[in-house]
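> kindly generate the corresponding structure for this input.
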Amino acid sequence: MNDNGYRAAAIADLPDLWDGFAKLVREGLGITAFGVQIMDLPPDYETKSHDEGDSGQQELYVGLRGGGAVVLADGKRLPLDPEHLVRVDAGVGRVLTSGSDGLRVLCVGAIPGGVYEPPGWTRGE
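Here you go, the predicted structure:
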């Protein structure tokens, strides 16, 4: 894909999944080096637990608006909002939660020292 070495998009114009819950940043901007999506968690929401053990990905969570937490499998709550960042390694269970205002979170993932392979769900499979 020839895009002159750059691409820009409004978040609202990115391809999405699940009625807009996930914005496909990687696909929308043609990123191949790492995974990156935006999730819009509604107020007082909790994602399913996952640990990236199968993918080997390390993940970075950046709160863009609203607030919530990354809750680790051991119960530790790490704040997540525009003033806090969270990194979680593969094999560590985590759940993302939102507060009463919801949470827009940028999720970035890659395999340390490895080659990124996008999961099928990010390609509409």
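> contacts, neighbours, all on C-alpha from now
OK.
> bridged to residue 36, which residues?
Beta-bridge partners recorded for residue 36 (DSSP bridges): residue 108.
> OK, contacts around it?
Taking C-alpha atoms under 8 Å, 6 or more residues apart in numbering, we find residue 36 in contact with 24, 25, 26, 106, 107, 108, 109.
> where in the chain is pLDDT low?
Along the chain, the model assigns pLDDT under 70 to residues 1-2, 119-125.
> where along it do the strands fall?
Secondary structure of the chain (DSSP state E): strands located at 16-17, 22-23, 35-41, 58-72, 77-80, 85-88, 94-110.
> ok, the residue nearest in space to the middle of the chain to residue 46 distance?
Centroid-nearest residue in the chain, with C-alpha atoms, centre = their mean: residue 107, separated by 2.3 Å. Computed as C-alpha to C-alpha, to the nearest Å, the residue 107 to residue 46 distance reads 15 Å.
> one more: residue 19?
Separation of residue 19 from residue 46 (C-alpha to C-alpha) stands at 17 Å.
> looking at those two, which one has more neighbours?
Legend: neighbour count by other C-alpha atoms under 10 Å for residue 19 and residue 46, higher for residue 46 (17 against 7).
> now do the contacts for residue 118.
34, 35.
> now do 7 Å
Residues near residue 118 by C-alpha atoms under 7 Å, 6 or more residues apart in numbering: residue 35.
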